[in-house]
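Trainee: With the sequence up front, the predicted model follows.
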Amino acid sequence: MGTVPQRLQRLLDRPGPLGDLLGRLEARTGVQRLYLATGSAAFLGLYLVFGYGASLLCNLIGFAYPAYVSIKAIESSSKEDDTTWLTYWVVYGVFSVAEFFSDTFLYWFPFYYAGKCLFLVWCMAPVSWNGSQVLYHNVIRPCFLKHHRTVDNVLGTLSTKALDAASSVTREVLQTLVSSRARLAAEVAPQLSLSHPEQP
């Protein structure tokens, strides 16, 4: 298992976008990648607490890397990475909806964006106990399995009503256009006959 610094070092040494970037920075600066990563994390944490635009930065962290890796997962032949990132996006979507309703109150807390960023990093962490797996299997999936038939019925009813309303509106618009055309033709016909009298 190893100590926390040893496990972090193994994580940072793994090949991938983060490991490759840290490797290039380590070669260029001569500073160990463990120090580069902890210094960057500390700077990012302080910026999220005190910096301007913390909301944008936090949302970029929660969106940019997962979007990039999701595109790579779509293009790969493995199904496992697709499932991992689909799970992340389901949790991200549920979190975004919940945040929409609570953001008005929560953003006043000084460590809100740092906590949100930590939550999103936990959800995308490349470990088996990451947040998206834990939340999906313990909260979202049981709720979905319990209520999905009801939601499907409601969505089916709503889509039927929407199609009926759209066809009704389309029918009324077409009838209005036809009657307007007939009325216009009736109004224009006498004027045309007056402007072009028949010659003997």
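Mentor: Cool, the structure landed.
Trainee: distance between the lowest-mean-pLDDT helix or strand in the chain and the chain's centre?
Mentor: In the chain, no helix or strand scores lower on mean pLDDT, DSSP states H and E than helix 4-13, which sits at a mean of 74. Chain-centre distance of helix 4-13: 30 Å, with CA atoms, centre = their mean, to the nearest Å.
Trainee: List the buried residues for it?
Mentor: Under the neighbour-count criterion of 16 or more other CB atoms under 10 Å, helix 4-13 has 11-12 buried. For the C-beta atoms, the positions are set from N, CA and C on the backbone; glycine is no exception.
Trainee: Please save the CA atoms from it in PDB.
Mentor: C-alpha atoms of helix 4-13 as PDB (Å, rounded to 0.1, in the frame of the first residue of the first chain):
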ATOM      1  CA  VAL A   4       0.400   8.800   1.300                       C
ATOM      2  CA  PRO A   5       3.400  10.500  -0.300                       C
ATOM      3  CA  GLN A   6       4.400   7.200  -1.900                       C
ATOM      4  CA  ARG A   7       0.900   6.600  -3.300                       C
ATOM      5  CA  LEU A   8       0.800  10.200  -4.600                       C
ATOM      6  CA  GLN A   9       4.200   9.800  -6.200                       C
ATOM      7  CA  ARG A  10       3.000   6.600  -8.000                       C
ATOM      8  CA  LEU A  11      -0.100   8.500  -9.100                       C
ATOM      9  CA  LEU A  12       2.000  11.400 -10.500                       C
ATOM     10  CA  ASP A  13       4.400   8.900 -12.200                       C
END
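Trainee: tell me what whichever helix or strand comes after that helix is packed against?
Mentor: Proceeding N to C from helix 4-13, the next assigned helix or strand is helix 17-29, under DSSP states H and E. Secondary-structure packing of helix 17-29 (3 or more CB pairs under 8 Å, 6 or more residues apart in numbering; DSSP states H and E): helix 4-13, helix 33-50, helix 54-75.
Trainee: Contacts for helix 17-29, please.
Mentor: 12-13, 31-33, 36-37, 65, 68-69 (CB atoms under 8 Å, 6 or more residues apart in numbering).
Trainee: hmm, try it at 7 Å
Mentor: When contacts are defined by CB atoms under 7 Å, 6 or more residues apart in numbering, helix 17-29 is touched by residues 12-13, 32-33, 36-37.
Trainee: and if you look at stretch 103-112?
Mentor: Identification of contacts with stretch 103-112 by CB under 7 Å, 6+ apart yields residue 49.
Trainee: End to end on that stretch, go ahead and measure it.
Mentor: End-to-end distance for stretch 103-112: 9 Å, by CA to CA, to the nearest Å.
Trainee: same question for it, mean pLDDT?
Mentor: Within the predicted structure, the mean pLDDT of stretch 103-112 is 76.
Trainee: Buried residues in it, which are they?
Mentor: Taking 16+ other CB under 10 Å as the criterion, stretch 103-112 shows residue 112 as buried.
Trainee: Pick out the residue closest to the middle of this protein.
Mentor: Nearest to the mean C-alpha position of the chain, counting by CA atoms, centre = their mean, stands residue 93 at 5.8 Å.
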